[in-house]
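Undergrad: Here's my sequence, what's the structure:
(chains A and B)
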Amino acid sequence: MKKLINKPEDVVREELEGIALAHPDLVKVSYDPYYIVRADAPVKGKVGLVSGGGSGHEPLHGGYVGMGMLDAACPGEVFTSPTPDQMLEATKAVNGGAGVLHIVKNYTGDVMNFEMAAEMAQMEGIEVTSVVTNDDVAVQDSLYTAGRRGVGITVFVEKIAGAAAEEGRSLAEVTAVAKKVNDWGRSMGMALTSCVVPQAGKPTFDLGEDEMEIGIGIHGEPGRKRMKIAPADEIVEMLAEPIIHDLPYKEGDQVIAMVNGMGGTPLIELYIAYRKLHHILAGHGITVVRNLVGNYITSLEMAGMSITLMKADDELIKLWDAPVKTAALRWGV
Amino acid sequence: MISKKEILAWLHRYREVLAENKEYLTGLDAAIGDADHGINMDRGFGAVEKKLDGVADKDIGTILKTVGMTLVTTVGGAGGPLYGTFFLKAGMTLSGKNELTAEDMVAALNSAIEGVKMRGKATTGEKTMLDALVPALEAMQKSVADGGDIHAALVAATTAAEEGMKATIPMLATKGRASYLGERSIGHQDPGATSSYLMLKTAAETIGVS
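TA: As a prediction, the model looks like this:
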């Protein structure tokens, strides 16, 4: 498998070195332990936002560190949760005295490591709250699973809670708005090809030349079903309808919509998908008030896409529109 | 009594056992998880190996707490917090001790397992490491109560852990990444139960052996 890397074991460190050199105005990078922190951290009196997870989902999370979004991001090895010492040091580095919110995707490893970090930070006298995102409708939420996976809505939580923190809201208020975003958001993804973890060197799963996986997770975990490839419009329907019926999103609702590339799908195809999504939502009487089309939460070089919808009220739209200045999301500045 | 030397020998040997079984554990994980359990455990105990000489003159509690903290900060994934908590809790129970009785060993395993249950919000029958560890503790307790020596208790625990590990094959996973597979998780042996069995087997081979 061809990859633009040097040695597989150096991938995360060398990426961090690149980020530090590319964005010195936005972020500082710690190498022991690994974390990316806002250049002006800690911001006195502001609630700090820390997220993190396995690497390989770029620009999530490091690309979202900066004014109006995350204060710090902790990268793990590719597709492996980071460790509590990283999260603890990042939490200390961003604590401006108003407490720290941990934004965690619902994966067993991420949840346990962030729990340990929160316990350690509390022992050191830092107030920490957590929001666990779980928006993937492909997974049944039942007593018999680890619950729905946290995927695309994490980008929305980081943007909107980041804006709320920037406004000077309290830790309880920032946590509440982060939970509201997660509660109002739903996602589902699909894959046309597998990804290849650098350390593994071979595809994570086998998918036939004429097959696709509907409901894929962001590490290539199995989805709802494997089937023959279909035209883009039909694929968009297969993702959009379960999402719409899950919350459910209703006639008259306003939404912020994201058509997200998994890393190996060109923008030309993502716009074809967005066009169809827009029509489907219009058919349900749902209005898209803001949108993102592009690669925001990826799975290395996987080809495919995911759709995320979030019901939007005036408060969430205002926070969405607030200025943000990060490597991967920037407006209003 | 269990000496500090035996505890260190067990930890050094377990590191070798994990290196020998790295591909095997990762292969088990590939079937129902994310194909990194062997790699992560090998990395974690590789880091532990480097720390052991520095704490060899400390008490057994401190040694085990150092193992736990090292695993927490180097393993990642779910294995890091779970094995890290296991050793941290055992170490806390054995704080200040330079040799252990059979009762100390039972108490340490008991609190280590309670820690894993708490951290993973899990219990037996969910296709996890607890399916090897809990039967092992019960067998160890019974052996000690029946007057067995330390080695006999560890052998009994290992036998129970092996049965528990094999019993995970027909189980439906309801915790962790394997749970996303639902029915498709049936028919595969749990990698965490396997590494736990290997940990006890190594203990039986290095502790209480004259």
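
Undergrad: contacts, neighbours, all on C-alpha from now
TA: Noted.

Undergrad: Chain B contacts on the stretch 201-333 of chain A?
TA: A:Glu221, A:Pro222 (CA under 8 Å from any CA of the partner chain).

Undergrad: Return the nearest residue of the stretch 201-333 of chain A with respect to chain B.
TA: A:Pro222 (7.1 Å; CA to the nearest CA).

Undergrad: ok, that residue - contacts?
TA: A:Glu213, A:Gly215, A:Ile216, B:Tyr180, B:Leu181 (CA atoms under 8 Å, 6 or more residues apart in numbering or on different chains).

Undergrad: when you check these against the strands, which ones overlap?
TA: A:Glu213 (DSSP state E).

Undergrad: Output the contacts of A:Pro222 in TSV, with neighbour count appended to each entry.
TA: Listed next are these as TSV, based on neighbours: other CA atoms under 10 Å in any protein chain shown:
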residue	neighbour count
A:Glu213	25
A:Gly215	25
A:Ile216	26
B:Tyr180	28
B:Leu181	21
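
Undergrad: With distance to B:Ala78 and pLDDT as added columns, please give the contacts of A:Pro222 in CSV.
TA: Shown next, in CSV, are the contacts of A:Pro222 (distance: CA to CA, whole Å; pLDDT from 0 to 100):
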residue, distance to B:Ala78, pLDDT
A:Glu213, 26, 93
A:Gly215, 23, 93
A:Ile216, 21, 92
B:Tyr180, 15, 82
B:Leu181, 17, 81
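
Undergrad: re the thing from before, determine the three-state secondary structure at the residue of the stretch 201-333 of chain A closest to chain B.
TA: Assigned by DSSP: H, G, I helix; E, B strand; the rest coil, the conformation of A:Pro222 is coil.

Undergrad: so who does the closest residue to chain A within chain B touch?
TA: Proximity of chain B to chain A (CA to the nearest CA) peaks at B:Ala78, 3.9 Å away. Applying CA under 8 Å, 6+ apart to B:Ala78 gives the contacts A:Ser81, A:Thr108, A:Gly109, A:Asp110, A:Met112, A:Asn113.

Undergrad: Next, count neighbours for the second one.
TA: Which is A:Thr108. 19 (other CA atoms under 10 Å in any protein chain shown).

Undergrad: For the residue located most distally from the centre of chain B, which residues are in contact?
TA: In chain B, the greatest distance from the average C-alpha position (CA atoms, centre = their mean) is reached by B:Glu183, at 26.6 Å. Applying CA under 8 Å, 6+ apart to B:Glu183 gives the contacts B:Leu172.

Undergrad: Could you list the contact residues of chain B toward chain A?
TA: Residues of chain B lying near chain A (CA under 8 Å from any CA): B:72-81, B:119-120, B:173-177, B:179-182.

Undergrad: change it to 10 Å
TA: B:30, B:32-36, B:39-40, B:69, B:71-82, B:85, B:119-121, B:126, B:172-182 (CA under 10 Å from any CA of the partner chain).

Undergrad: hang on, isn't B:Thr93 packed against B:Ile113?
TA: No: at 11.9 Å, B:Thr93 does not count as touching B:Ile113 under the criterion of CA atoms under 10 Å.

Undergrad: more crowded one of these two?
TA: B:Ile113 (25 against 22).

Undergrad: Where does the spatially closest residue to that one that is not a sequence neighbour fall, secondary structure wise?
TA: With CA to CA, 6 or more residues apart in numbering or on different chains as the criterion, B:Ile113 has its nearest non-adjacent residue at 6.5 Å, and that residue is B:Phe86. Assigned by DSSP states H and E, B:Phe86 falls within helix B:79-93.

Undergrad: Just the CA atoms of that helix, as PDB, please.
TA: Only the C-alpha atoms of helix B:79-93 are listed here, as PDB (Å, rounded to 0.1, in the frame of the first residue of the first chain):
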ATOM      1  CA  GLY B  79      -6.700  -1.800  27.600                       C
ATOM      2  CA  GLY B  80      -4.700   1.000  29.100                       C
ATOM      3  CA  PRO B  81      -7.300   2.200  31.600                       C
ATOM      4  CA  LEU B  82      -8.400  -1.400  32.400                       C
ATOM      5  CA  TYR B  83      -5.000  -3.100  32.900                       C
ATOM      6  CA  GLY B  84      -3.700   0.200  34.500                       C
ATOM      7  CA  THR B  85      -6.600   0.200  37.000                       C
ATOM      8  CA  PHE B  86      -6.000  -3.500  37.700                       C
ATOM      9  CA  PHE B  87      -2.400  -2.900  38.800                       C
ATOM     10  CA  LEU B  88      -3.100   0.400  40.500                       C
ATOM     11  CA  LYS B  89      -5.800  -1.100  42.700                       C
ATOM     12  CA  ALA B  90      -3.700  -4.200  43.500                       C
ATOM     13  CA  GLY B  91      -0.800  -1.900  44.300                       C
ATOM     14  CA  MET B  92      -2.900   0.200  46.700                       C
ATOM     15  CA  THR B  93      -4.100  -2.900  48.500                       C
END
